[in-house]
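A.B. asks: Got a sequence here, can you model it:
(chains A and B)
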Amino acid sequence: MSTPLETATHPQRLRRVCIEPLTRVEGHGKVTLLLDDDDQVQQARLHIVEFRGFERFIQGRPFWELPVTVQRLCGICPVSHHLAAAKACDRLVGVPELSPTADKVRRLMHFGQVLQSHALHFFHLSSPDLLFGFDDAPAHRNIVGVIHDEPELARRGVLLRRYGQEVIRVCAGKRIHGSGAIPGGVNKALDNADRELLAADIAQVIDWAEDAVALMQQLFAAGGDAYRRFASEPANSLSLVRPDGALELYDGRLRARDAQGEPIIEQASDQDYAELLQEQVKPWSYMKFPFIAALGPETGWYRVGPLARVNNCDFIDTPRAEAARRAFAAVGEGRPVQSVLATHWARLIELLHCAEAIARLLDDPDIIGADLLREGTPARSGIGVLEAPRGTLFHHYEIDADGLVTRANLIVSTTNNNQAMNTAIRRVAQDALNGHTLTEGLLNRIEVAIRAFDPCLSCATHALGQMPLAVTLARVDGVVLDRLRRDADGAVRRDAAESHAGAASA
Amino acid sequence: MSLLDPEPPRQAGEPRPALLIIGVGNPDRGDDAIGPLLLERLRADLPAGTDAGAGTVALLDAYQLQPEHALELRERRLSIVVDAAAGGPAPFSVTAVAPAPAPTITTHSLSPAALAAVYQQLFGQPPALTLLAVRGEAFGLGAPLSAAAAQHLAAALDWLRALLRSENDFAKRKPMPNGRIRA
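C.D. replies: Presented below is the predicted three-dimensional model:
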């Protein structure tokens, strides 16, 4: 199965444009475009290497180490992997339901994680595009530009990040590689000093989060049809929801809805994910393409993450975030909002929800309780599913009689969004690149679409020495016609054409 | 203490250590472990019971550099980022970092120069920031440290230890009445 613009009819006759974004290890993400002689896009593909090797890496390890080991998967959302693994391990030790204290400490940790991740994304990554426009000078269109022009906004972004990380530290023991969640519960609750430390600032955090939502709502309104249409394609949405339909980030039921909002999967158990979802392999990408089994690969691909979650839920159970959700939903006029740029708005609504939920948990006496760990009847298979900042995250482990992992299956958010990201860049390529001379501003539109998803590009490693962006225009025989490079200081440089390049392999 | 105060938390009368070393890397990715391993070796050098965040030097592990690390640079005389490098000279290179923002498509990393730029815009001229880039060879998941990287790490450790000795001498020579280290 091939979707429009995935595979050109006669690729040998086309010119190739290759965008290679920064990756800390060579070759982990790039966009290739094939243009015909009239500069019409005939093929567009996003390539990201997936770390299937991690599943082999953890085979043979004792399952009780998993909540710590899997944090090495991602430097930005280690807590999501920590908690997804812990949830799977809860099943392995026969404890599907935790004590109230353990459940709430884990939720608090998760809210801290999502809050700090969302703050980083908006204030550091996406706000420059939204504040300054897609054609702003690259050297300005970054966090420093935000800090220069919107110093208070940038300061808040950094401090919200730090607050979220302190929530994690209090719950997990450390800001990175914590060990708070263990199979069957947690190893510590909060004490009163922790609680007072976090409670002292939470009202301010909520106010700042609400200000950010209001700013994003204004930006989206000001962007008009251009923002609404940008990279937009009708998509199914997949997420967890609470049994009553509320937004749920930590533990819920699976719901999928189509682009019209009609149900596809409704309140299914996350333990049945393997029957509900399948993955397709394509020869041109290392990363698999998941789809809803009942629909098949052609129409069953879906979007996960903030946009899918806020579209999918019936309500949010914290008042300010719910008010923001209603304003958001009004844009869709009864249908799910499909604009990729609305992802940023949805992300900030979730940021506000997390702040409110943290306040609620800090007021809950269970958060300093003593009932931390439960025991049950061990099992050989465990599945843990939660909503990571970038979308639904699946961890599935099987173990032997000695408790050693014999099989692991991880579907991370970036994999779930694989087809959605490809579809978004194809839309941009069609709308913005056809018939135009290639410029940094035009190519940045593709980056803007990718930024909305914030894919995890080999984040588990980061050796120095890669350049942020290289754009290569080559004939299909490998002869480079042009090369555009953006250096680490944001400057764009056009290199002399080279005689040959290996860019034609994708 | 407010978590939303950009100024560093301080104990009564105690200054921040003048020197900060940030070890960046993933211990489970072969030579990417160079940063955290260097910090581990430096911690082992400290007398038993010594707090790695007190005294002359503070040691900070970081999976990735992120904007909030700008807050850690506050009131330092010198900060050193130690990271594995996929290219460049072996065994290591030492480079003064100038502020330089860098556009990216992902939140998953920040360059030392971009970190300095964040600091500059939040607080003004950043304190001295140095990149100690230690050459790595292999970054495979679950791979051990390569033999070449082990040699490079040892050389970089010698360089850091010499720096710390001179820093200790510096601190003994030049205490200020308020306890801060004179630049």
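A.B. asks: in a helix, that's where A:T415 is, yeah?
C.D. replies: Yes. Counting by DSSP: H, G, I helix; E, B strand; the rest coil, A:T415 is part of a helix.
A.B. asks: ok, it - contacts?
C.D. replies: A:E50, A:E279, A:M287, A:K288, A:P290 (Cβ atoms under 8 Å, 6 or more residues apart in numbering or on different chains). C-beta coordinates here come from the backbone N, C-alpha and C atoms, glycine included.
A.B. asks: what's the distance between the fourth one and A:L348?
C.D. replies: Applying Cβ to Cβ, to the nearest Å, the value for A:K288 to A:L348 is 30 Å.
A.B. asks: of the two, who's got more company?
C.D. replies: A:L348 (29 against 18; other Cβ atoms under 10 Å in any protein chain shown).
A.B. asks: Tell me the secondary structure at that one.
C.D. replies: Quick answer, by three-state DSSP: A:L348 is helix.
A.B. asks: My guess is it contacts A:H118. True?
C.D. replies: Yes. Between A:L348 and A:H118 there is a contact at 6.9 Å, judged by Cβ atoms under 8 Å.
A.B. asks: how far out from the middle of the chain is the stretch of helix or strand B:A133 belongs to?
C.D. replies: Using DSSP states H and E, B:A133 sits in strand B:128-135. Centre-to-centre, strand B:128-135 and its host chain are 8 Å apart (Cα atoms, centre = their mean, to the nearest Å).
A.B. asks: go on, stretch A:342-352?
C.D. replies: The chain centroid and the centroid of stretch A:342-352 are separated by 12 Å under Cα atoms, centre = their mean.
A.B. asks: Quick one: residues contacting the residue most central in space within chain A.
C.D. replies: Residue closest to the mean C-alpha point of chain A, counted by Cα atoms, centre = their mean, is A:R390 at 2.0 Å. With contact set as Cβ under 8 Å, 6+ apart, A:R390 has these partners: A:C77, A:S117, A:V304, A:G305, A:S413, A:T414, A:N417, A:F453, A:D454, A:P455, A:C456.
A.B. asks: Contacting chain B as well, which ones from those?
C.D. replies: Among the contacts of A:R390, the residues lying close to chain B (Cβ under 8 Å from any Cβ of the partner chain) are A:S117, A:D454, A:P455, A:C456.
A.B. asks: Any idea how many residues pack against A:A235?
C.D. replies: Neighbour tally, A:A235, other Cβ under 10 Å: 23.
A.B. asks: Quick check: pLDDT value at the residue lying closest to A:R325 once chain neighbours are set aside.
C.D. replies: Closest residue to A:R325 apart from its sequence neighbours, by Cβ to Cβ, 6 or more residues apart in numbering or on different chains: A:I316 at 5.1 Å. What the model reports as pLDDT for A:I316 is 98.
A.B. asks: any idea how far A:I316 is from A:E356?
C.D. replies: Taking Cβ to Cβ, one finds A:I316 at 9 Å from A:E356.
A.B. asks: what do you get for A:W345?
C.D. replies: 17 Å.
A.B. asks: Counting neighbours, go ahead and name the busier of the two.
C.D. replies: When A:W345 and A:E356 are compared on other Cβ under 10 Å, the one with more neighbours turns out to be A:W345, at 27 against 23.
A.B. asks: State whether that one is indeed within a strand.
C.D. replies: No. According to three-state DSSP, A:W345 belongs to no strand; its state is helix.
A.B. asks: Determine the number of other residues adjacent to the nearest residue to it once chain neighbours are set aside.
C.D. replies: Spatial nearest neighbour of A:W345, excluding adjacent residues (Cβ to Cβ, 6+ apart): A:M216 at 4.8 Å. Neighbour count for A:M216, taken as other Cβ under 10 Å: 25.
A.B. asks: So A:M216 sits against A:T343, correct?
C.D. replies: No. Contact status for A:M216 versus A:T343: not in contact, 10.4 Å apart, counting by Cβ under 8 Å.
A.B. asks: related to what we said a few turns ago, quick one: contacts of the strand holding B:A133?
C.D. replies: Residues from elsewhere that reach strand B:128-135 (Cβ under 8 Å, 6+ apart): A:464-465, B:34-35, B:38, B:73, B:77-85, B:87-97, B:112, B:115-116, B:148-149, B:152-153, B:156, B:159-160.
A.B. asks: got it, and stretch A:260-275?
C.D. replies: Here stretch A:260-275 has contacts from A:91, A:236, A:238, A:240-241, A:243, A:252-258, A:276, A:292-295, A:311, A:334-336, A:383, A:385, A:394, A:396, A:409, A:411, using Cβ under 8 Å, 6+ apart.
A.B. asks: ranges for the strands of the stretch 101-250 of chain A?
C.D. replies: Listed in chain order, the strands of the stretch 101-250 of chain A (DSSP state E, counting those that start in this stretch) span A:181-182, A:185-186, A:236-241.
A.B. asks: winner for burial among the ones you listed?
C.D. replies: strand A:236-241 (a mean of 25; mean count of other Cβ atoms under 10 Å in any protein chain shown).
A.B. asks: For chain B, which residues score under the pLDDT cut-off?
C.D. replies: B:7-14, B:47-55, B:101-109, B:168-183 (pLDDT under 70).
A.B. asks: Could you check the pLDDT of A:A420?
C.D. replies: On the pLDDT scale, A:A420 gets 95.
A.B. asks: which SSE is it in?
C.D. replies: In this assignment (DSSP H and E), A:A420 forms part of helix A:418-428.
A.B. asks: Next, the angle strand B:128-135 makes with the longest helix along chain B.
C.D. replies: When chain B is parsed with DSSP state H, its longest helix is helix B:147-173. Inter-element angle recorded for helix B:147-173 and strand B:128-135: 160 degrees (by axes from the mean of the first three to the mean of the last three Cα atoms, to 10 degrees).
A.B. asks: what's helix B:147-173 packed up against?
C.D. replies: strand B:19-24, helix B:34-45, strand B:78-85, strand B:92-96, strand B:128-135 (3 or more Cβ pairs under 8 Å, 6 or more residues apart in numbering or on different chains; DSSP states H and E).
A.B. asks: Export the shortest one to PDB, keeping only CA atoms.
C.D. replies: Provided in PDB are the C-alpha atoms of strand B:92-96 (Å, rounded to 0.1, in the frame of the first residue of the first chain):
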ATOM      1  CA  PHE B  92      40.200  15.500  23.300                       C
ATOM      2  CA  SER B  93      39.800  19.200  22.500                       C
ATOM      3  CA  VAL B  94      39.200  22.200  24.700                       C
ATOM      4  CA  THR B  95      37.300  25.000  23.300                       C
ATOM      5  CA  ALA B  96      36.000  28.300  24.700                       C
END
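A.B. asks: how near is A:A246 to chain B?
C.D. replies: Plainly put, A:A246 is 27 Å away from chain B if you go by Cβ to the nearest Cβ, to the nearest Å.
A.B. asks: isn't that residue right up against A:C313?
C.D. replies: Yes. Between A:A246 and A:C313 there is a contact under Cβ under 8 Å: 6.0 Å.
A.B. asks: count of residues packed around the residue nearest to B:V94 when sequence neighbours are not counted?
C.D. replies: Counting by Cβ to Cβ, 6+ apart, B:L132 is the residue found nearest to B:V94 once chain neighbours are left out, at 5.7 Å. Neighbourhood size, B:L132 [other Cβ under 10 Å]: 24.
A.B. asks: partners of B:L132 in the sheet?
C.D. replies: According to DSSP bridges, the residues that bridge with B:L132 are B:V82, B:V94.
A.B. asks: ok, so what distance separates it from chain A?
C.D. replies: Relative to chain A, and taking Cβ to the nearest Cβ, B:L132 is found at 10 Å.
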